[in-house]
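J.: 3D model of this:
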Amino acid sequence: MSAQPLAGKVALVTGGARGLGAATAQALAEQGAQVAFTFVSPESVSKAAAVLASIERHGVRGLSIQADQADAGTAPQVIAAIIERFGRLDIVVNNASIDRFGSAHDSERDEAAFDHYWAVANTGFRAIVRAASRVMGDGGRFVFVGSNLGVRPGAPGISDMASIKAAIDGYARGAARDLAERGITVNVVHAGFMETDLNAHMRDAIAPLLQGLCIKRYGRLEEVIAPILFLASPAASYITGTIIDADGGYNA
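T.: Predicted coordinates:
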C-alpha cells in the first residue's frame, strides 16, 4: 500500500481545532489528503492556526473554517468554501460534538443546553452530510465519530448523551443505504474515552466507566484515529453501514 493512500483526496474534519479532530486532520494530511477543518470558538483561532500549519507541513494544502455546527444553515457555506478552495470533496469525518450528561428524571434539566447539544451533534451533523453529499464524487467516504454509550449507557445519568449517540448510529445506517448507489460509504467509529480538553470537566464521572472496560485505561488518540483512517481509505470500499468500536472493549 502507498505511504500516502489519500494523495489527491480532499477531506473535511468537523471540530478540527483540538483533541481527536485536530489529530485526525493532521493524520489525514500525513497520508496525502488536502484537509479542511471547522472550528467554532473565537478562543480557538490560535489553535486552528497551529493545526493549519501542521497540516501544511506535510506538503498539502489546508483550510480552516470558523463555523458553528449548531446552526445548520452554515453547512452549505462550509462545503462551498471547500469547493472554492480545492474543487472537490472526497472524505468527511463528522467529529464535531459537545458532551452533556443528563438524567431522565432530572427535575432541573437545562432544556436549552440539551437543545444546543442536539443542534450540534444531530441537526448540524446531518446538515453537513446533506450539503457534502451533493458535491462528493462517486466513491466518497463519510466517517462519523460516535460512542458505544448509545448502545449501552453503562451508568445512570447518561440518558441524554445516549440518545444523541444512538441517533448517530441510526443515521449512518440509513445514509449508507441512501448513498450506496454512488459508491459512497458511511461508517461509524465508536470512540472510547480519551483524555482531551473537551472532557476535562467530566473526568470524575468517566472514571467509574473505565473500570467496565476490558482495557482499563483511557484510549490514545492514535488508537481511535487508526480505524478512521482505514474507513476513509480506498481499502474500505466494501464496508458501509458498519460500526467499529475503538473503545477498549466497552461492550465485551
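J.: and the helix or strand harbouring residue 162, which residues are buried?
T.: Assessed by DSSP states H and E, residue 162 sits inside helix 159-179. For helix 159-179, the neighbour count (16 or more other Cβ atoms under 10 Å) marks 160-169, 171-173, 175-176, 179 as buried. Any C-beta I mention is one placed from the backbone N, CA and C, and that applies to glycine too.
J.: likewise stretch 212-227?
T.: For stretch 212-227, using 16+ other Cβ under 10 Å, the buried residues are 213, 218, 219, 221, 223, 224, 225, 227.
J.: of these, which belong to helices?
T.: In this view, the buried residues of stretch 212-227 that belong to helices under DSSP state H are 221, 223, 224, 225, 227.
J.: which one of the residues you listed is nearest to residue 86?
T.: Of all those, the one with the least separation from residue 86 (Cβ to Cβ) is residue 225, at 21.8 Å.
J.: ok, now which ones touch that closest one?
T.: Neighbouring residues of residue 225 by Cβ atoms under 8 Å, 6 or more residues apart in numbering: 20, 23, 24, 27.
J.: regarding residue 154, what is its secondary structure?
T.: coil (DSSP: H, G, I helix; E, B strand; the rest coil).
J.: my error: substitute residue 189 in the last question.
T.: Under three-state DSSP, residue 189 falls in the strand class.
J.: residues in contact with it?
T.: 143, 144, 145, 146, 224, 227, 228, 231, 243, 244, 246.
J.: state the pLDDT value of the fourth one.
T.: According to the per-residue confidence, residue 146 scores 96 in pLDDT.
J.: distance from the centroid: which residue in this structure tops it?
T.: Here the chain reaches farthest from its C-alpha mean at residue 107, the gap being 31.2 Å by Cα atoms, centre = their mean.
J.: can I assume that residue sits in a helix?
T.: No. If the criterion is three-state DSSP, then residue 107 is coil and not within a helix.
J.: shaky segments in this protein?
T.: Under the criterion pLDDT under 70, the flagged ranges of the chain are 1-2, 101, 197-202, 205.
J.: where do the strands sit along it?
T.: With DSSP state E as the criterion, the chain has strands at 10-13, 34-39, 62-66, 91-94, 141-146, 185-191, 243-246.
J.: returning to what we had before: between the ones in helices among the buried residues of stretch 212-227, which sits nearest residue 11?
T.: Within those, distances to residue 11 taken as Cβ to Cβ reach their minimum at residue 225, with 12.6 Å.
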